[in-house]
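Enquirer: my questions concern the predicted model and sequence given below.
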Amino acid sequence: MARDCNLIDIGFQGAPFTWQRGKVYVRLDRVLVNIQWQLEYPDANVFHLSPLKSDHSMIRLNLSSPLQSDCRRRPFRFEAAWITHLEFQSVLRNSWNVAPDWNKKKI
């Protein structure tokens with residue numbers, strides 16, 4: 001079915017299975033992309049993480065190579081004062097309209 005939709009499994013690193021129950025081990029989860037996505041994110045990679053308190057392992061998708069990521073970048077911080085800025089509502093609306101599929105909710 002994935003092939004019929006022109007989707008590509010980008011593979012993974014880590015444990016070969018994402019679900020385990022008794023003696024049954026299965027890779028349930030995978031990341032499927034189309035060729036345009038793969039061209040846009042050529043260094044993307046998937047990691048199967050160790051299960052914590054579940055029979056199901058989480059997966060992590062990195063869009064860039066770990067060597068390329070800049071660990072020194074500061075994380076995004078929201079400043080409550082931004083809400084009081086006169087153009088806050090219009091900036092927020094415009095940024096959500098750039099990619100409307102990212103957020104289906106309206107302001």
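Expert: Looks like it came in fine.
Enquirer: what's the closest non-adjacent residue to Val26?
Expert: Spatial nearest neighbour of Val26, excluding adjacent residues (Cβ to Cβ, 6 or more residues apart in numbering): Trp19 at 4.9 Å. The C-beta positions use only the backbone N, C-alpha and C, and glycine is treated the same way.
Enquirer: got it, and Leu49?
Expert: Computed as Cβ to Cβ, 6+ apart, the closest residue to Leu49 that is not its neighbour in sequence is Met58, at 4.6 Å.
Enquirer: and the helices in the protein?
Expert: 35-40, 88-98 (DSSP state H).
Enquirer: would you mark the buried spots in stretch 3-13?
Expert: Leu7, Ile10, Phe12 (16 or more other Cβ atoms under 10 Å).
Enquirer: surely the second one is in contact with Val33?
Expert: Just to be clear, that refers to Ile10. Yes. Between Ile10 and Val33 there is a contact under Cβ atoms under 8 Å: 5.8 Å.
Enquirer: who touches both of those two?
Expert: Shared contacts of Ile10 and Val33, defined by Cβ atoms under 8 Å, 6 or more residues apart in numbering, are found at Ala44.
Enquirer: pLDDT weak spots in this structure?
Expert: Low-confidence segments of the chain, defined by pLDDT under 70: 65-74, 98-107.
Enquirer: dead centre of it: give me the residue that sits there.
Expert: What sits nearest the mean C-alpha location of the chain, by Cα atoms, centre = their mean, is Leu61, with 5.1 Å.
Enquirer: distance of it relative to Gly11?
Expert: 12 Å (Cβ to Cβ, to the nearest Å).
Enquirer: between these two, which contacts overlap?
Expert: Asn45, Val46.
Enquirer: tally up the residues packed near Ala44, please.
Expert: Neighbours of Ala44 under the rule other Cβ atoms under 10 Å: 16.
Enquirer: so who does Leu49 touch?
Expert: Gly14, Ser57, Met58, Ile59, Arg60.
Enquirer: how about Ser54?
Expert: Ser54 touches nothing, counting by Cβ under 8 Å, 6+ apart.
Enquirer: tell me how far it lies from Arg21.
Expert: Counting by Cβ to Cβ, the gap from Ser54 to Arg21 is 11 Å.
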